[in-house]
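*Asks:* Could you look at this predicted model? Sequence included:
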Amino acid sequence: MGNFDFHDDYMAAWNGCGPAATALSRSGTWYVFDYGMVVSTAPEPADWVALERETGLKLAQASSPYWAHREGFDAGALETAEYWARVLGRPADAEQLEKLEELDAAQWSHLNCATLSVLETLAGEGAQLALLSNMPAGMSERYLDGSPWSGYFAKMFFSGKLGVAKPDRRIFAHVLADLRAAPRDVVFIDDNEPNIDAARALGIRSIHFTPETDLWRELAAAPVRDS
């Protein structure tokens, strides 16, 4: 894998995504999107190979230390150096840390063209858009520095910066308070079923996003909020 350029990578995906054609949004509603596996797609095999070359470890498996310590990293409980030390089983120097962070950001940077089309349409309709992502603070800063998709969102919430992650109800309470929105005035889109369950338990209208989800159809069919 060569040097990663956020702008070039994002724009390559961007240019292949066009807007949809029918009104989707509902007045007075906030549309809150997850990032990973909703705005972005899964890492590609080549991404995991690049991390394996750098670490000497196979990290894609759910049982790997990459995933075993990820929840704490996403929630801000682990700093960058501590997380990667746990993954590697040893401390990493500053140069390797930078490389690992670059590779990690790169593998989650592949954009979902269908979701981008929906975002483009919602934004064109003047919809209220927010992002709620379980993401380490450092990764969120990298993306915000060079990702055109961030311009769609009036509000962005990252677990690493907030110190709490989905599905903890506290992060949903924080988002609702910041948006000054009642649960019934929010549509939440996420790929993780426990996150969906937590949001629904609070009365937030939610869409469980999978690779087969037709988000256009789901949003168009979403009921109008009660007055």
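*Replies:* That came through, no problem.
*Asks:* Residue 126: how many residues sit nearby?
*Replies:* By the criterion of other Cβ atoms under 10 Å, residue 126 has 9 neighbours. Just so you know, the C-beta spots here come from the backbone N, C-alpha and C atoms, and that holds for glycine as well.
*Asks:* wait, what's in contact with it?
*Replies:* Contact partners of residue 126, counting by Cβ atoms under 8 Å, 6 or more residues apart in numbering, are residue 25.
*Asks:* Would you mind measuring from it to residue 152?
*Replies:* 12 Å (Cβ to Cβ, to the nearest Å).
*Asks:* Can you show me the helices along the protein?
*Replies:* 6-14, 45-55, 65-68, 70-74, 80-88, 94-107, 113-124, 137-146, 159-162, 169-179, 193-201, 215-221 (DSSP state H).
*Asks:* Which one, of those helices, ends up nearest to residue 35?
*Replies:* helix 137-146 (8.1 Å; Cβ to Cβ).
*Asks:* State the mean pLDDT of that closest one.
*Replies:* The average of the pLDDT scores along helix 137-146 is 93.
*Asks:* cool, stretch 89-109 as well?
*Replies:* Mean predicted confidence for stretch 89-109 is 98.
*Asks:* Buried residues in that stretch, which are they?
*Replies:* Neighbour counts using 16 or more other Cβ atoms under 10 Å place 92, 97, 99-109 of stretch 89-109 among the buried residues.
*Asks:* Please tell me the pLDDT value assigned to residue 83.
*Replies:* 98.
*Asks:* contacting residues around the residue nearest to it when sequence neighbours are not counted?
*Replies:* Excluding its sequence neighbours, the residue lying closest to residue 83 (Cβ to Cβ, 6 or more residues apart in numbering) is residue 73, at 4.2 Å. By Cβ under 8 Å, 6+ apart, residue 73 lies in contact with 80, 83, 136, 160.
*Asks:* tally of neighbours for the last one?
*Replies:* Just to be clear, that refers to residue 160. 24.
*Asks:* Over to the second one?
*Replies:* Neighbours of residue 83 under the rule other Cβ under 10 Å: 25.
*Asks:* was I right about it contacting residue 71?
*Replies:* No - Residue 83 lies out of contact with residue 71 (Cβ atoms under 8 Å); the separation is 10.6 Å.
*Asks:* out of the contacts of residue 73, who's nearest residue 32?
*Replies:* Closest to residue 32, out of all of the contacts of residue 73 and judged by Cβ to Cβ, is residue 160, at 17.4 Å.
*Asks:* Do you know the pLDDT at the spatially most central residue of the chain?
*Replies:* Nearest to the geometric centre of the chain sits residue 35, at 1.7 Å (Cα atoms, centre = their mean). pLDDT recorded at residue 35 is 98.
*Asks:* and if you look at residue 223?
*Replies:* 67.
*Asks:* Over to residue 125?
*Replies:* pLDDT, residue 125: 95.
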